[in-house]
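# Sequence first, predicted coordinates after that:
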There are 2 protein chains.
Amino acid sequence: MIYNPNKALKHALKMENLYEVLGLDSKAKIKQFKKGEILQLEGELSSLAYYVKKGLLRSYTIDNKDKEHIFMFASEGWLIADIESQEFDQPAELFIDCLEDSEVVIFDRKSFKIANLTGDQLKQNAHLLARRTAVLQRRVIMLMSASAKERYNRFLETYPELPNRIPQRMIASYLGITPEALSKIRGEIAKSK
Amino acid sequence: MIYNPNKALKHALKMENLYEVLGLDSKAKIKQFKKGEILQLEGELSSLAYYVKKGLLRSYTIDNKDKEHIFMFASEGWLIADIESQEFDQPAELFIDCLEDSEVVIFDRKSFKIANLTGDQLKQNAHLLARRTAVLQRRVIMLMSASAKERYNRFLETYPELPNRIPQRMIASYLGITPEALSKIRGEIAKSK
DNA sequence: TGTATTTCTTAATCTAGGTTAAGATAATTG
DNA sequence: CAATTATCTTAACCTAGATTAAGAAATACA
């Protein structure tokens, strides 16, 4: 079997059945949000997590120079939450808002009873967290060792649909570079073809 | 209650009881390693995880320019594994080796039966993974938004004991900068006091 | 204990990507 | 659909950190 990182990644992350895996039904609330609506403000104390049924969310920080840094995008089938703050019972460090009109399942990680899940659900749950860890491992290694152009190419391979749904400056923000730098990189890539 | 990130982080990560949380006993092997021994080579297919009873391990990649990038350190009470590769059933991307003579509990993540754990163990397990995610979230945000000096200061706050146990060039590698850059930063900090 | 090897520092030079600025496209909104 | 607002591009200039090099200090080793 030939190893294809992108296929593996996509397969692993596109969990259509996550809704069931989490055992969500009665307690979870489904809510509609408009593009631009903010689900979570930095500084808030919250233990909520958001499962995206439809649409697109993102989480981001704003640094001391008022610069926005996108931590992640969450499209259909993804889960988004400020794990760091929640795990350490701290006020949120991330904003979470909508990049498209979205349908979101909201549930409370605190009242989430692991003991109530079936063995299979538990295993899938563990995989879910492990997969998030895996994605972050890759991201850290890329940030430490790869150029902006390499990171951009990997982004395109890993999330080929996203560029159609978000402005380029947000890709730049996710990659950790400025919109100008990304524009230059795209110019270079276009020229070299 | 005043929020103290370092205290919170230390408390959360220093899991002396992890050994029990994982339900390790009969199946897990305890092994001794000498400083410099390699537990895992890049390219190997492995589903092993390593729990550090005593000593110090690290994981790292080598990029296409032969440059080493340390992904993490694991001292007493920590768990280390190449989650990304294991989760996607790929050959290891990380080397794992010993920075000190170490005593390590080795267990296989694949044969790890989640269903056999107690409810409490499960919950702690979930927290364990969530905490790893939290640490990586912080690391990504720091890499995207903070200067090398800021990242170094945060490192010292978060892991105050590590600088006594590892050469500076490894701190630099972990921070994503060169040893020369770290040396310069330390010079500046020393001067400004 | 002396020699070799690794580590750390300092300094000169280089470069990827940041900053600033201004014009060109494209998308929203009244 | 006109006008405002956001996005993207290009280019000149700047800076944090990389690279290269060489010496000093510390460690390991024979």
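Happy to help now that I have it. Residues are numbered from 1 along each chain as shown, chains lettered A, B, ... in the order given.

# Low-confidence ranges, chain A, go.
Scanning chain A for pLDDT under 70 picks out the ranges A:1-28, A:113-115, A:193.

# Show me where it has its helices.
A:5-13, A:18-21, A:83-87, A:119-145, A:148-158, A:168-175, A:179-191 (DSSP state H).

# A:Q40 against A:E93, yeah?
No: with contact defined as CB atoms under 8 Å, A:Q40 does not reach A:E93; the gap is 10.3 Å. No exception for glycine: its C-beta is placed from N, CA and C like everyone else's.

# got any residues that touch both of the two?
A:D82 (CB atoms under 8 Å, 6 or more residues apart in numbering or on different chains).

# related to what we said a few turns ago, right, so the helices of chain A: which one is the most enclosed?
Comparing the helices of chain A by mean neighbour count (mean count of other CB atoms under 10 Å in any protein chain shown), helix A:83-87 comes out on top with a mean of 23.

# hang on, the earlier thing: in a markdown table: the helices of chain A, plus distance to chain B.
Converted to a markdown table, the helices of chain A look like this (distance: least, CB to the nearest CB, whole Å):
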| stretch | distance to chain B |
| --- | --- |
| helix A:5-13 | 4 |
| helix A:18-21 | 13 |
| helix A:83-87 | 4 |
| helix A:119-145 | 4 |
| helix A:148-158 | 10 |
| helix A:168-175 | 8 |
| helix A:179-191 | 13 |
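
# Pull up the residues of chain A that are close to DNA strand C.
Counting by CB under 7 Å from any atom of the strand, chain A comes close to DNA strand C at A:65, A:67, A:147-149, A:176-178, A:180-181, A:185.

# Which ones, among these, also lie beside DNA strand D?
By CB under 7 Å from any atom of the strand, the members of the residues of chain A next to DNA strand C lying near DNA strand D are A:E180.

# which one among the residues of chain A next to DNA strand C gets closest to DNA strand D?
Top of the list for closeness to DNA strand D, among the residues of chain A next to DNA strand C and by CB to the nearest atom of the strand, is A:E180 at 4.0 Å.

# Could you measure from that closest one over to A:G187?
A:E180 is 11 Å from A:G187, where distance means CB to CB, to the nearest Å.

# just A:V52 next, same as before
Where A:G187 is concerned, A:V52 sits at a distance of 33 Å (CB to CB).

# Then A:T158?
22 Å.

# just A:K123 next, same as before
Distance from A:K123 to A:G187, by CB to CB: 47 Å.

# Tell me the residues on chain A that lie near DNA strand D, please.
So chain A meets DNA strand D at A:167-169, A:179-180, A:182-184, A:186-187 (CB under 7 Å from any atom of the strand).

# now with 6 Å?
Contact residues (CB under 6 Å from any atom of the strand) of chain A with DNA strand D: A:167-169, A:179-180, A:183-184, A:186-187.

# and the residue nearest to A:L99 when sequence neighbours are not counted, what does it touch?
Leaving aside its chain neighbours, A:L99 sits nearest to A:L56 (4.4 Å; criterion: CB to CB, 6 or more residues apart in numbering or on different chains). Residues counted as contacts of A:L56 (CB under 8 Å, 6+ apart) are A:73-75, A:98-100, A:102, A:165-166.

# what would those residues look like in a markdown table with distance to B:I106?
Shown next, in a markdown table, are the contacts of A:L56 (distance: CB to CB, whole Å):
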| residue | distance to B:I106 |
| --- | --- |
| A:F73 | 37 |
| A:A74 | 35 |
| A:S75 | 38 |
| A:C98 | 45 |
| A:L99 | 44 |
| A:E100 | 46 |
| A:S102 | 44 |
| A:R165 | 44 |
| A:I166 | 43 |
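
# For those, pick the one with the most neighbours.
With neighbours defined as other CB atoms under 10 Å in any protein chain shown, the most crowded of the contacts of A:L56 is A:S102; it has 24 neighbours.

# gap between the closest residue to that one other than its chain neighbours and A:S75?
Nearest non-adjacent residue to A:S102, counting by CB to CB, 6+ apart: A:G55, 2.5 Å away. According to CB to CB, A:G55 stands 8 Å off from A:S75.

# ditto for A:I177
Noted for A:I177: a distance of 22 Å to A:S75, by CB to CB.

# swap in A:V104?
12 Å.

# shared neighbours of the two, anything?
A:52, A:55.

# Can you give the distance of stretch A:156-163 from its chain's centre?
Relative to its chain's centre, stretch A:156-163 lies at 13 Å (CA atoms, centre = their mean, to the nearest Å).

# end-to-end on that stretch?
Across its full length, stretch A:156-163 reaches 8 Å end to end, with CA to CA, to the nearest Å as the criterion.

# Can you report how many residues neighbour A:G77?
A:G77: 16 surrounding residues under other CB under 10 Å.

# An error on my part: the question was meant for A:Q90.
By other CB under 10 Å, the residues close to A:Q90 number 18.

# if we compare the helices of chain A, which one ends up closest to B:L128?
Closest approach to B:L128 among the helices of chain A is made by helix A:119-145 (9.1 Å; CB to CB).

# elements contacting that closest one?
Contacts defined by 3 or more CB pairs under 8 Å, 6 or more residues apart in numbering or on different chains; DSSP states H and E place helix A:119-145 against helix A:5-13, helix A:18-21, helix A:148-158, strand B:68-75, helix B:83-87, helix B:119-145.

# and with 7 Å instead?
helix A:18-21, strand B:68-75, helix B:83-87, helix B:119-145 (3 or more CB pairs under 7 Å, 6 or more residues apart in numbering or on different chains; DSSP states H and E).

# mind checking how far it is from the chain centre?
Helix A:119-145 has its C-alpha centroid displaced from the chain centroid by 12 Å (CA atoms, centre = their mean).

# returning to what we had before: can you say which of the helices and strands packed on helix A:119-145 is nearest to A:V140?
In terms of CB to CB, the element of the helices and strands packed on helix A:119-145 nearest to A:V140 is helix B:119-145, at 5.5 Å.

# Now do the closest one and helix A:168-175, the angle between them.
Counting by axes from the mean of the first three to the mean of the last three CA atoms, to 10 degrees, helix B:119-145 lies at 120 degrees to helix A:168-175.
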